[in-house]
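Novice: With the input below, show me the fold.
(one chain, ligands or ions: 1)
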Amino acid sequence: MIEVNELSKSFKKTIKQSGLKGAVKSLFNPEYETFEAVKNLTFDVKKGEILGFIGANGAGKSTTIKMLTGILTPTSGTCTINGKIPQENRTEYVKEIGVVFGQRTQLWWDLALQETYSVLKEIYEVPDKQFEKRMDFLNEVLELQEFIKDPVRTLSLGQRMRADIAASLLHSPKVLFLDEPTIGLDVAVKDNIRKAIMQINQEEQTTIILTTHDLADIELLCNRIYMIDKGEAMFDGSVSQLKSTFGKIHEVDFELFSEEEVKKVNFTSFSEVEVEQMGRQIKVRFDATKITVPQLLHSVMSQAQVVDVSVKDADIEEIIRRFFRKEI
Ligand SMILES: Nc1ncnc2c1ncn2[C@@H]1O[C@H](COP(=O)(O)OP(=O)(O)OP(=O)(O)O)[C@@H](O)[C@H]1O
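Specialist: Purely as a prediction, here's the structure:
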């Protein structure tokens, strides 16, 4: 459904000069440098797939989404969505896609939500019968009923996000771009939005590209992760591949009977373990490909009296944090 090939985008940036003299010089005789925000990205997304597009702040996610939606023109490379080039024949292309920028709304601030949908119906030329059916479906999935008659400016952030997602889906697009759809929402609302996204994807086979900083969104929704850093691809694969390839660090927390017992424990039989001790607690971090949890448990329990143990699996947030810190 989506094919991206060697996609790049550079921006011309003014070089800032220091001091008042420099500022005046920049104003009348600016000097420019080229900044590569996106570098040679190549990936494809199959019909019905949900791709999690992740990266640190400034990695180039929004710039990529803007090229895929046709807002920006690539400096080089190509992207085609359902066989169409986003920058060509925009009127036809926008009927194929839905876009939600979580930080901004596409709704009219002073109009009642229902009226906004009627305007969008005309813009996208949705036939009356289809519009009614669509509104019933969106009402059911996104629970719009309680606020559909209210002006957009009076909606809460969670209601506004549901309203925006419904607006992006009104014309039954084949591809949906969601840029931070759960930003700033409370846990319960996030949960509702995720369920709605999942239902739409399953019932309509909508292909979705989702950018988010909330890794629970990725774990719960995405079949695949595409990770970028400074505009370049870093990882392309499933969540379980990410965990099995990079999530080797596990953690076991021991609670011992007393501080005296803690002093009895040594880890000299293991070469690479990271140990932290606090009161009666011992926290051990280790590479699960080199040491197994039973080996570690056996060693500690044979040396001292353990009252509680908790084992933490590799967590996607930790893996990505290590990626961004360049430890991986
Ligand atoms: N119009 C522009 N002109 C110049 N530089 C730009 C422009 N748009 C984006 N950039 C730069 O390109 C880089 C990538 O920005 P982008 O908004 O794509 O990042 P992002 O991954 O979406 O970040 P965030 O998670 O913070 O939204 C940044 O360094 C940004 O300053």
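Novice: my read is Gly70 is in a helix, agree?
Specialist: No: counting by DSSP: H, G, I helix; E, B strand; the rest coil, Gly70 falls outside a helix, being coil.
Novice: need the contact list for the closest residue to it other than its chain neighbours.
Specialist: Nearest residue to Gly70 in three dimensions, chain neighbours excluded: Pro86, at 3.3 Å (Cβ to Cβ, 6 or more residues apart in numbering). No exception for glycine: its C-beta is placed from N, CA and C like everyone else's. If you count contacts by Cβ atoms under 8 Å, 6 or more residues apart in numbering, Pro86 has them with Met67, Leu68, Thr69, Gly70, Cys79, Tyr93.
Novice: Give me the spatial nearest neighbour of the second one, chain neighbours excluded.
Specialist: Nearest residue to Leu68 in three dimensions, chain neighbours excluded: Cys79, at 5.5 Å (Cβ to Cβ, 6+ apart).
Novice: Return the helix or strand the one you found falls within as PDB; C-alpha atoms alone will do.
Specialist: Assigned by DSSP states H and E, Cys79 falls within strand 76-81. C-alpha atoms of strand 76-81 as PDB (Å, rounded to 0.1, in the frame of the first residue of the first chain):
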ATOM      1  CA  SER A  76      15.100  13.300  -3.600                       C
ATOM      2  CA  GLY A  77      13.600   9.800  -3.600                       C
ATOM      3  CA  THR A  78      10.100   8.700  -4.100                       C
ATOM      4  CA  CYS A  79       7.000   7.600  -2.200                       C
ATOM      5  CA  THR A  80       3.800   6.100  -3.600                       C
ATOM      6  CA  ILE A  81       0.600   5.400  -1.700                       C
END
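Novice: packing partners for it?
Specialist: Counting contacts by 3 or more Cβ pairs under 8 Å, 6 or more residues apart in numbering; DSSP states H and E, strand 76-81 is packed against strand 2-14, helix 61-68.
Novice: buried set for that strand?
Specialist: Buried residues in strand 76-81, defined by neighbour count with 16 or more other Cβ atoms under 10 Å: Gly77, Cys79, Thr80, Ile81.
Novice: roughly how far out does it sit from the chain middle?
Specialist: Centroid separation between strand 76-81 and its chain, computed with Cα atoms, centre = their mean, to the nearest Å, is 21 Å.
Novice: hmm, who's touching that strand?
Specialist: Everything outside strand 76-81 that qualifies as a contact, by Cβ under 8 Å, 6+ apart, is 1-8, 40-41, 67-68, 85-86, 93, 96-97, 175.
Novice: continuing past that strand, what's the next helix or strand?
Specialist: helix 90-93.
Novice: With just CA atoms, put that next one into CSV.
Specialist: What follows is helix 90-93 as a C-alpha-only set of coordinates in CSV (Å, rounded to 0.1, in the frame of the first residue of the first chain):
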residue,chain,number,x,y,z
ARG,A,90,-3.7,16.4,-4.7
THR,A,91,-7.5,16.6,-4.9
GLU,A,92,-7.8,12.9,-5.8
TYR,A,93,-4.9,11.9,-3.5
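Novice: And for it, what's in contact with it?
Specialist: So helix 90-93 is in contact with Gly70, Ile81, Lys84, Ile85, Pro86, going by Cβ under 8 Å, 6+ apart.
Novice: Then stretch 36-46?
Specialist: Residues contacting stretch 36-46 (Cβ under 8 Å, 6+ apart): 1-11, 51, 60, 63-64, 67, 74, 77, 207, 209, 224, 226, 228, 230-233, 236.
Novice: which of the contacts of Pro86 tops the neighbour count?
Specialist: Most neighbours among the contacts of Pro86, by other Cβ atoms under 10 Å: Met67, with 26 neighbours.
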